[in-house]
Structure formats: structure tokens, C-alpha cells
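[1] Please work out how this folds:
(one chain, ligands or ions: 1)
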Amino acid sequence: MAIARIVVNIADAPSYDVRVGTDIVESIGGYLREVNSSDTALIVTDGHVGPLYLDSVKASLAEAGYRTLDITVPAGEDSKSLAVAGEIWSAMANLKLSRDVLVVALGGGVVGDLAGFIAATYMRGVAFAQVPTSLLAMVDSSVGGKTGINLDQGKNLVGSFKQPVCVCADTSVLSTLSEREWACGCAEIAKSAVIDSDEFFFWLTDAAPLLAARDENTAAEAIARSVVFKANVVAEDETESKGVRECLNYGHTLGHAIEALAGFGTFSHGEAVAEGMRFAARLGVACSSTPTDVVAAQDELLDELGLPSLAFSAEPEAVLDAMKGDKKVRGGQVRFVLPRDIGRWEVAEIDDAILLEHLGAWARSKEV
Ligand code: GLY
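    Residues are numbered from 1 along each chain as shown. Modelled structure (predicted):
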């Protein structure tokens, strides 16, 4: 399979490549050497991914002339914490690592966000590279420079924008993902397609059976298309301050509330986002110009990708309360990305009373 190269061009940061293809991990040292001249690479990974790929990554980095060091954190969201970040900063200081170090994030979204935050803050910023190993991280979190950790009060409340020097998405590593992790990544691909264009959406609709069956070429194309979409969005609005990057939050307003109310980990991020997309499209029919056939086409796509409607509901007031705790709320108003059509979207501030009415209808639809 040819390796796709997508360039992310951001106004105030050096541009960087996202490489998508097979067998990239074994050659990672060469890819990183093209864009980085550090002596030392510190690989941050977790207890699930490290045993699978750390040795190959270290061997390739050593071959490319890097001194390699590694830190393994426990797998799971709990590692995105101030305590774990503090341990890594201290370990780096004890190792006397200078500003010249390259931090390599080898893992899924948790490792990418944590290692990126370390790179953004250690000695006021050192270089970092993303080697995403989950479908979700390849299509979303590894691209665009959002890094951070969680607080007890909420997810991603402390962080920084820090663009990597390179993202290396090796599709060969996806074979070890569970069906659930696969579907989780598919939700963000579907989100990108609905927001991006008819062309991406209809391609994905046709490709969905092969993507769900984890066909490698189809997956590589879906990843590359999602990365192109995301690269264009972040090129226009790196810091989500120009009203463009907000489109990436499609499905996330209800999605984040579901994750919080059900207890983090009960549903995958993708399962919650897919449910949020179903809700937002229906809200769009009522409150925007969304045609009903968009709802049907999106439902069909999500079903095909193994993301059926969730068997979960909660009291409308509790959902509204959870939504208001999200950092995306502005002036106390809950904001939704609504699909005005495939490839067209708007952000709407929905009045509490109207939202409660629609959340009530959503909760009742789960009773049958
Ligand atoms: N995952 C949403 C963003 O990168 O903005």
C-alpha cells in the first residue's frame, strides 16, 4: 500500500506531515529524522501498547541515531492526570533532559494528549511526534495540536495547543483493536464525513460495509480523508477561536453528557458521539433547515458502522445540567453543531426550554 502524505499547514506553526499507510512503525526513525535533529527521543507509551510496539519503535529510532528513553504509563483515561504529568516532568528533569529532547507519543488518544501536554510544558516546550495506535487517534486526536489532562472537575480542563513535528499513522497496528474500539474510531470518521461534504459522505456510505469489516485499504482511505478534512479545519482555525474548528464538536454536546452521566468508560467516546449525532440531526430538523432524509441517511450509516442507537437515557434536567458543565458552553447557553445538510453546518445556541423538550422526546424514544 502506498503511504499517503497529508500536509497540515497552520498559520503560526511550522507545517507538518501526517503519513498514513502500512509498516510505518518499523521505519519510524527515518520519518522522524526527516523533520527532527534531536539527540534523544523520549517515548511515552502505555501498558497495553508498549508491549506490542515499543521495541520496534526503539530499534528504528536507534538506527536513525537517537538515544532512546521510554516511560510507560498505565493504560486508560486516569493517566491524563496532573499526578502522572508530574511524574513524567520529574523523570525528565532527573534524566537531565534538555530542550533538545523529542517526545514521541506512542499510543491512543490518552497517550497523545498527555505526551503532547508534557512536550508543550517541559522547559516551556520541546518537540513532539505523534504515533497514534487507535483508529480514533489516527482520525482525530493526533492531528491539530490539542493536548491536555483532566481534572476531577472535568475532562481536558488543562491543556495547550501544541502541534507535532509529524504524525505517523501505521494502519498495520489497527489489527489488535477490539470491535468496540474500531467502531469508536468509525464514529469520528462518520462525523467528519457528515460535516465535510456530499463527496466524503457518499463515499463513506458506499464504503461502510468494507470499513466495518476492517478492510485495510478502505480503512487507510477513510483515515486519509478524515485527516484531510481535519487538516483543512485546523488550518483555518487552529485555536477554535474563529468559529470553524467548532464544527469538529458535532455530536459531542450530547455525547460528552452521556459519557459523564453513564460514568466514563461505560460507553466508548465514539458510541456516545454517534448517539449525539443522531440527536443533533433531529434537533436540526426542528431548529434549523436539516432535511429529514439527512437523519435517515446518517442513521443508516451509523448502523452500518456498528454504532446502533444507544440503549441509554437520562432525565432531561440531568442531561442539561451535564451539558452546562461542559467547557464549550458560552454565557450559560448550550451550543450545538447542527447539520444544515450534508457538508453544511451551523452552531446554534438552543434555549433551555426547547432543549428540555427535545431531550424529553429523546428519553421517551428509549422507553419502547
Ligand atoms: N477533537 C476535536 C478537535 O480536535 O478540535
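
[2] The top helix by length along the chain near the ligand anywhere?
    If you go by DSSP state H, the chain has its longest helix at helix 216-236. No. Contact between helix 216-236 and the ligand is absent, the nearest approach being 7.0 Å (criterion: CB under 6 Å from any ligand atom). C-betas here are computed from N, CA, C, even on glycine.

[3] Show me what the next helix or strand after that helix is packed up against.
    Proceeding N to C from helix 216-236, the next assigned helix or strand is helix 252-262, under DSSP states H and E. Helices and strands touching helix 252-262, by 3 or more CB pairs under 8 Å, 6 or more residues apart in numbering; DSSP states H and E, are helix 269-287, helix 316-324, strand 334-341.

[4] before we move on, back to that, mind giving me the packing neighbours of the longest helix of the chain?
    strand 4-8, strand 16-21, strand 166-170, helix 179-196, helix 198-212.

[5] quick one on the thing from earlier: among the helices and strands packed on helix 252-262, show me which one is buried the most.
    helix 269-287 (a mean of 24; mean count of other CB atoms under 10 Å).

[6] Please save the CA atoms from that helix in CSV.
    In CSV, the C-alpha atoms belonging to helix 269-287 read as follows (Å, rounded to 0.1, in the frame of the first residue of the first chain):
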residue,chain,number,x,y,z
HIS,A,269,-16.4,8.0,23.2
GLY,A,270,-17.5,7.0,19.7
GLU,A,271,-20.7,5.3,20.9
ALA,A,272,-21.6,8.5,22.8
VAL,A,273,-20.7,10.8,19.9
ALA,A,274,-22.8,8.7,17.4
GLU,A,275,-25.8,9.0,19.7
GLY,A,276,-25.1,12.7,19.9
MET,A,277,-25.0,12.9,16.1
ARG,A,278,-28.4,11.2,15.9
PHE,A,279,-29.8,13.7,18.4
ALA,A,280,-28.2,16.8,16.8
ALA,A,281,-29.5,15.8,13.4
ARG,A,282,-33.1,15.5,14.8
LEU,A,283,-32.6,18.8,16.6
GLY,A,284,-31.5,20.3,13.3
VAL,A,285,-34.8,19.2,11.7
ALA,A,286,-36.7,21.0,14.4
CYS,A,287,-34.5,24.1,14.9
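
[7] What residues of the helix or strand following that helix count as buried?
    Going down the chain from helix 269-287, the next helix or strand is helix 292-304, by DSSP H and E. Residues 294, 295, 297, 298, 299, 301, 302, 304 are the ones in helix 292-304 that count as buried (16 or more other CB atoms under 10 Å).

[8] Let's have these in JSON lines, adding distance to residue 28 and pLDDT.
    Converted to JSON lines, the buried residues of helix 292-304 look like this (distance: CB to CB, whole Å; pLDDT from 0 to 100):
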{"residue": "294", "distance to residue 28": "41", "pLDDT": "98"}
{"residue": "295", "distance to residue 28": "42", "pLDDT": "98"}
{"residue": "297", "distance to residue 28": "39", "pLDDT": "98"}
{"residue": "298", "distance to residue 28": "37", "pLDDT": "98"}
{"residue": "299", "distance to residue 28": "40", "pLDDT": "98"}
{"residue": "301", "distance to residue 28": "33", "pLDDT": "98"}
{"residue": "302", "distance to residue 28": "34", "pLDDT": "98"}
{"residue": "304", "distance to residue 28": "34", "pLDDT": "98"}
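
[9] Including distance to the ligand, could those go into a markdown table?
    A markdown table is the format used below for the buried residues of helix 292-304 (distance: CB to the nearest ligand atom, whole Å):
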| residue | distance to the ligand |
| --- | --- |
| 294 | 22 |
| 295 | 23 |
| 297 | 23 |
| 298 | 19 |
| 299 | 23 |
| 301 | 20 |
| 302 | 18 |
| 304 | 23 |
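
[10] Could you pull up the mean pLDDT of the longest helix of the chain?
    The predicted model gives helix 216-236 an average pLDDT of 97.

[11] One more: stretch 305-312?
    Rounded mean pLDDT across stretch 305-312 is 96.

[12] can you give me the end-to-end distance of that stretch?
    Length of stretch 305-312, first residue to last, CA to CA, to the nearest Å: 19 Å.

[13] for stretch 94-114, same thing?
    Stretch 94-114 has an end-to-end distance of 19 Å (criterion: CA to CA).

[14] Now it: average pLDDT?
    Mean predicted lDDT for stretch 94-114 stands at 98.

[15] Can it be said to contact the ligand?
    No. Under the criterion of CB under 6 Å from any ligand atom, the ligand is not reached by stretch 94-114; the shortest gap measures 8.9 Å.

[16] show me what contacts residue 135?
    Applying CB atoms under 8 Å, 6 or more residues apart in numbering, we find residue 135 in contact with 174, 177, 181, 182, 184, 185, 186, 189, 219, 223.

[17] Around the fourth one, how many other residues sit close by?
    Okay, so that is residue 182. Residue 182 has 21 neighbouring residues, counting by other CB atoms under 10 Å.

[18] And for the first one?
    Taking other CB under 10 Å as the criterion, the count of residues near residue 174 is 22.

[19] Going forward, count from 29.
    With 29 as the first residue, the last one maps to residue 202.

[20] Please report how far it lies from the ligand.
    As for residue 202, its distance to the ligand is 19 Å (criterion: CB to the nearest ligand atom, to the nearest Å).

[21] Return the residues in contact with that residue.
    161, 162, 163, 166, 210, 242, 247.

[22] go with 10 Å
    Residues in contact with residue 202 (CB atoms under 10 Å, 6 or more residues apart in numbering) are 50, 160-163, 166, 209-210, 213, 242, 244, 247-248, 251.

[23] Please identify, among the residues you listed, the one with the most neighbours.
    So for those (other CB under 10 Å), the most neighbours sit at residue 166, 34 neighbours.
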